[in-house]
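Engineer: compute the structure for the input listed below.
(one chain, ligands or ions: 2)
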Amino acid sequence: MQNIRNKKILSGIQPSGVLHIGNYFGAIRQHIALQKENECLYFVANYHALTSISDRKKLHEHSLMVAMDYLALGFDPEKARLFLQSDVPEVTELAWILSTVTPMGLLERAHSYKDKIARGLSPTHGLFAYPVLMAADILIYDSEYVPVGKDQKQHLEITRDIAEKFNLAYGQTLVVPEELILPEVAVVPGTDGQKMSKSYGNTIDIFADYKALKSKVMNIVTDSTPLEAPKDPDTSTVFDLYKLFAAPGEIEEMRRKYLAGGYGYGHAKKELLEKIWIYFEPHRKLREELENNRDYVKDVLRQGASTAREKARQVLERVRDRVGLLNIG
Ligand code: ADP
Ligand code: TRP
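Structural biologist: Ligands and ions are numbered 1, 2, ... in the order given. Alright, predicted model coming up:
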């Protein structure tokens, strides 16, 4: 991790499903590491999740689950703030204002929109305008760094473009943020070898029980190279995932076994399963306790929202003033 200190950090995560190891290695792990020496705001992107979920119970439940997962994984409410996006509705007003300087072409080029449509999501205006709301999320806190997975790179570029367009039109107003993407993690593959994503049904969940975890790991798609034959570790999803959890010596050992032959994907999957189980073991008990202490979780979110909202109001006032929205009523 780069040496980032005393910076304003912001990131969001959608409550569109249960959090998975792609979210963990791509984003959450950095979020937690950054909280010690920076001013961090993290939020549950429930407005964004409306672009893919239309079940109110699920949205409620997943929103709290994301918060519980963060707390169980080491998020410290004494050091950083966690809140629900919808508890700072000012962000939707900023999104509207930003949309008036956002060129259509910028949104038309967004890969994420095209991918989601190709995966069967409805092409709604919300889905199309998703990057503008994301820009508002970031810009409304004067954020300097945004730690995300590589799949969000283009969204960060769009945010920077929008901030620059706004500053050009109205004078220096918005902080142009930097992305923080860990090059060594890139994109964590799912059980089908594609990007792991809540919306693609290919996840390995952080807090799955052992039986569910086993079934997910054993179902990772592999090629049909016979057990005796040597295998290429560099094209194997199982090996890619193992690398996230194992120590360098263990990774070399598995690579050697792949190349030697006589070692099946089933063997590799068993080793991977044990690694994943052990890795999250220290967090599992706290996760269970939080499940029975939802009032505490809500308190954390409430406290986070109050800090975030105060900051958001200041930036929104600055923007309203710059664009000429009179404050009369
Ligand atoms: P999902 O695609 O599962 O809905 P989100 O879009 O809510 O996940 O992503 C939350 C964070 O996790 C983002 O910073 C995103 O970049 C990161 N992330 C999600 N999936 C992956 C993955 N497969 N590999 C690396 N990072 C990921
Ligand atoms: N689009 C992000 C994702 O799918 C979630 C998100 C919404 C976000 N707003 C954000 C991430 C602001 C960082 C900053 O992962």
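
Engineer: low pLDDT regions in the stretch 151-300 of the chain?
Structural biologist: Within the stretch 151-300 of the chain, no range satisfies pLDDT under 70.

Engineer: what ranges does it have for its strands?
Structural biologist: Along the stretch 151-300 of the chain, counting by DSSP state E, counting those that start in this stretch, strands occupy 178-180.

Engineer: around ligand 1, pick out the residues from it.
Structural biologist: Applying CB under 6 Å from any ligand atom, we find that the stretch 151-300 of the chain lies next to ligand 1 at 151-152, 185, 187-188, 195-199. For glycine as for every other residue, the C-beta is placed from the backbone atoms N, C-alpha and C.

Engineer: can you name the residue of this structure nearest to ligand 2?
Structural biologist: Proximity to ligand 2, evaluated over the chain using CB to the nearest ligand atom, is greatest for G12 at 3.3 Å.

Engineer: in three-state terms, how would that residue be classified?
Structural biologist: Under DSSP: H, G, I helix; E, B strand; the rest coil, G12 falls in the strand class.

Engineer: sorry, back to before: identify the farthest-apart pair in the residues of the stretch 151-300 of the chain next to ligand 1.
Structural biologist: Spanning the widest gap among those are V185 and S199, at 19.6 Å by CB to CB.

Engineer: residues contacting L82?
Structural biologist: Taking CB atoms under 8 Å, 6 or more residues apart in numbering as the criterion, L82 is in contact with 42-44, 67, 70-71, 75, 300-301, 304.

Engineer: tally up the residues packed near G22, please.
Structural biologist: Applying other CB atoms under 10 Å, we find 26 residues neighbouring G22.

Engineer: okay, and it sits in which element?
Structural biologist: In the assignment (DSSP states H and E), G22 maps to helix 21-23.

Engineer: averaged pLDDT, that helix. What do you get?
Structural biologist: What helix 21-23 shows for mean pLDDT is 96.

Engineer: what packs against the following helix or strand past that helix?
Structural biologist: Remark: after helix 21-23, the chain's next helix or strand is helix 29-34, criterion DSSP H and E. Helices and strands touching helix 29-34, by 3 or more CB pairs under 8 Å, 6 or more residues apart in numbering; DSSP states H and E, are strand 8-13, strand 39-44, strand 145-147.

Engineer: try it again with 7 Å
Structural biologist: strand 39-44, strand 145-147 (3 or more CB pairs under 7 Å, 6 or more residues apart in numbering; DSSP states H and E).

Engineer: right, and these - which one's nearest E93?
Structural biologist: strand 39-44 (16.4 Å).

Engineer: which bits of the stretch 51-200 of the chain sit near ligand 2?
Structural biologist: Near ligand 2, when you scan the stretch 51-200 of the chain using CB under 6 Å from any ligand atom, you find 134, 137-138, 146, 148, 152, 155.

Engineer: tell me which two in the contacts of L82 are the farthest apart.
Structural biologist: F43 and L71 (14.1 Å).

Engineer: the two: which has the busier surroundings?
Structural biologist: Set F43 next to L71 and count neighbours by other CB under 10 Å: F43 wins out with 28 against 21.

Engineer: tell me the pLDDT of the more buried one.
Structural biologist: For F43, the model assigns a pLDDT of 98.

Engineer: what's the helix holding G22 in contact with?
Structural biologist: Under the contact criterion CB atoms under 7 Å, 6 or more residues apart in numbering, helix 21-23 has outside partners 13, 149, 188, 196-197, 204, 206, 244.
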